[in-house]
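Trainee: Model the following, please.
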Amino acid sequence: MLPPRSMVPVDSIFNATAVTIDACYSQCGTGQESFDWAVFSQDFAAWLLPYLALISQLPFGARHQVDNLMSALLTVGSPTLAGYSLFLTLLNARWINQQFDSIDFPRRKLRETVVDVLSSLQQVPLRVYPGEAAFLESLVILPQNDNWWTTLSDSLNYTHSWSISSATAIAWVVIAYLLTVADSLSNVADHINSNGQGTGSAWLWLLPVVVGWLVLAPKCAYGRVQHAFEQANQHIVVADAERNALKPNSGITIVSWSRSAYITSLLYRSAWSKAQRQIRVDGSAGWQTVPNSRAIHETNRQGNRAQVVAYSSLVTLGLQWGTTGAAVLAVRYTPTTRLGCRSLAYIIYGAASTISWFLLVLSSLLANYATPPSNASPTQTVTMQLTMALSNNLRWAGKALAGLNAAFIITISVFQYANFYDRCYCNSSVLSRGSQAYDIVVILYSDVALARGAWIGALVLASMCSLVFVVIGYPAIPS
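Mentor: Residues are numbered from 1 along each chain as shown. Modelled structure (predicted):
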């Protein structure tokens with residue numbers, strides 16, 4: 001067994017276990033090692049391909065395919081944004097259930113139908129237009145419109161949830177990941193620099209995100225949602241049927257959905273309050289009582305909007321940097337240790353993901369602020385126009401950064417398997433060691449033990465962060 005490595009020169013080259021960076025340049029040049037197709041195809045198929053296939057299980061439903069492509073790029077380019085969107089959707093679904101929890105008007109079954117409709121349409125840009133709440137009131141008050149909610153719910157009852165294909169895809173990713181990790185841990189010294197432990201950890205965030213969307217099963221397919229509204233509107237009874245009370249509207253932010261859902265809950269709450277006081281809609285006497293055993297109580301389980309945003313942000317940042325940190329850990333302690341090309345690439349990916357998420361969330365908040373009320377003054381209008389322009393620029397910047405970051409993570413994953421990083425500069429960790437950098441020529445037992453320990457630690461860290469995300473998010477899923 002060779003002794004532990006040190007920077008002490010040796011008398012014979014045959015006793016050397018590493019060479020200085022200058023010696024590496026002089027003997028090997030600055031290029032990469034030769035491309036090995038067998039290693040590349042095996043690592044690509046085992047570490048990256050299952051995750052790329054899993055992207056197809058995300059709930060894409062835009063009107064145009066280019067928008068679906070943008071959704072995929074935003075998801076891959078900013079896992080922080082993907083997890084944040086999922087967690088907000090989970091909390092919103094629980095919130096809308098709580099809003100209707102103490103309402104039993106006109107009957108429990110219909111209330112549950114309304115909750116299902118509003119909860120499943122979170123990814124659809126709904127808005128109650130100012131001055132047109134009367135149309136929505138007719139959906140709440142008139143018994144003839146009970147069928148509108150039922151028809152809409154039935155029309156939206158198409159499945160994008162657990163299926164044989166989705167369950168198989170997820171099982172494939174999990175089994176492939178575990179088997180590949182087990183194989184790599186048993187053969188640490190084989191292709192130690194092209195091993196995919198780092199990329200496997202960096203992509204592990206996708207698993208809980210896909211599982212979460214499959215559990216929620218949002219209804220966002222443009223054609224089906226449009227058809228569902230058309231079917232439901234055949235049963236609507238309003239004084240003026242030229243406009244719909246609720247309708248999809250592109251460009252509406254998530255705040256508009258919550259406002260629409262909240263207005264709907266307020267209307268039902270108002271109707272339920274009058275029902276408790278036995279006040280008929282027409283004001284006449286002769287109230288007909290209906291047995292009701294449901295206890296009405298006030299709930300105080302949800303926080304304010306700032307707390308919800310902060311909670312969602314912390315959870316998703318934990319998922320992002322837990323998996324990214326695991327990737328950095330795996331490659332940082334792979335000889336030669338310390339910060340190098342591989343670990344820096346993962347740090348850049350995580351940072352770009354976080355910045356993209358921040359820009360897009362800020363853009364959404366500014367867009368909501370810039371939506372002018374009907375009685376806006378000229379000064380407010382100018383301010384809001386400038387705010388909207390800033391919001392648009394931030395949104396474009398965030399999307400562009402996420403798109404580039406998606407291409408970046410795929411590229412660095414391919415580089416890992418293609419021996420692109422197997423060059424003197426990267427293998428010697430020049431970024432952190434500087435002139436003291438060295439390249440390993442003989443892998444010692446201590447190197448193998450260090451790398452194996454780091455890989456196991458990365459596996460545990462990435463898996464635990466993904467599991468914690470699921471455990472924290474599961475209670476938010478409404479029953």
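Trainee: which stretch of helix or strand covers Val19?
Mentor: strand 18-20 (DSSP states H and E).
Trainee: any low-confidence regions in the chain?
Mentor: Within the chain, the stretches with pLDDT under 70 are 1-15, 104-106, 127-135, 158-163, 189-191, 193-194, 238-305, 372-380, 474-479.
Trainee: Give me the nearest residue to the residue nearest to the spatial centre of the chain, chain neighbours excluded.
Mentor: Nearest to the mean C-alpha position of the chain, counting by Cα atoms, centre = their mean, stands Ala82 at 1.7 Å. Among residues not flanking Ala82 along the chain, Thr75 sits closest, at 4.5 Å (Cβ to Cβ, 6 or more residues apart in numbering). Bear in mind the C-beta positions are built from the backbone N, C-alpha and C, glycine included.
Trainee: before we move on, what about Tyr177?
Mentor: Closest to Tyr177 by Cβ to Cβ, 6+ apart is Gly200, at 6.0 Å.
Trainee: Check Leu317 too.
Mentor: Nearest one to Leu317, counting by Cβ to Cβ, 6+ apart, is Thr80 at 6.2 Å.
Trainee: quick one, phi psi at the one you found?
Mentor: phi -60, psi -40 (degrees, to the nearest 10).
Trainee: I'd guessed it sits against Ala352; true?
Mentor: No - Thr80 is not in contact with Ala352 according to Cβ atoms under 8 Å; the separation is 9.8 Å.
Trainee: Looking only at neighbour counts, state which of those two leads.
Mentor: Remark: of Thr80 and Ala352, Thr80 carries more neighbours, 27 against 20, as counted by other Cβ atoms under 10 Å.
Trainee: any idea how far the more buried one is from Glu112?
Mentor: 34 Å (Cβ to Cβ, to the nearest Å).
Trainee: same deal with Arg63?
Mentor: Counting by Cβ to Cβ, the gap from Arg63 to Glu112 is 30 Å.
Trainee: give me phi/psi at Asp36?
Mentor: Taking degrees, to the nearest 10 as the convention, Asp36 sits at phi -110, psi 100.
Trainee: right, and it touches Asn419 too?
Mentor: Yes - between Asp36 and Asn419 there is a contact at 6.3 Å, judged by Cβ under 8 Å.
Trainee: Can I take it that Ile96 is in a helix?
Mentor: Yes - counting by DSSP: H, G, I helix; E, B strand; the rest coil, Ile96 is found in a helix.
Trainee: So it versus Ala306, what's the distance?
Mentor: For Ile96, the distance to Ala306 - Cβ to Cβ - is 19 Å.
Trainee: So which of those two has more stuff around it?
Mentor: Neighbours of Ile96 and Ala306, each counted by other Cβ under 10 Å, are more numerous for Ile96; the result is 24 against 8.
Trainee: mind listing what the nearest residue to Ser413 once chain neighbours are set aside touches?
Mentor: Closest residue to Ser413 in three dimensions, ignoring its sequence neighbours and counting by Cβ to Cβ, 6+ apart: Thr199, at 4.4 Å. Going by Cβ atoms under 8 Å, 6 or more residues apart in numbering, Thr199 touches Trp47, Leu48, Ala327, Ile412, Ser413, Gln416.
Trainee: and the residues you listed, which of them are in helices?
Mentor: Ala327, Ile412, Ser413, Gln416 (DSSP state H).
Trainee: Report the buried residues of the helix or strand containing Thr323.
Mentor: Using DSSP H and E, Thr323 falls within helix 305-332. Residues of helix 305-332 classed as buried: 308-309, 311-313, 315-332 (neighbour count, 16 or more other Cβ atoms under 10 Å).
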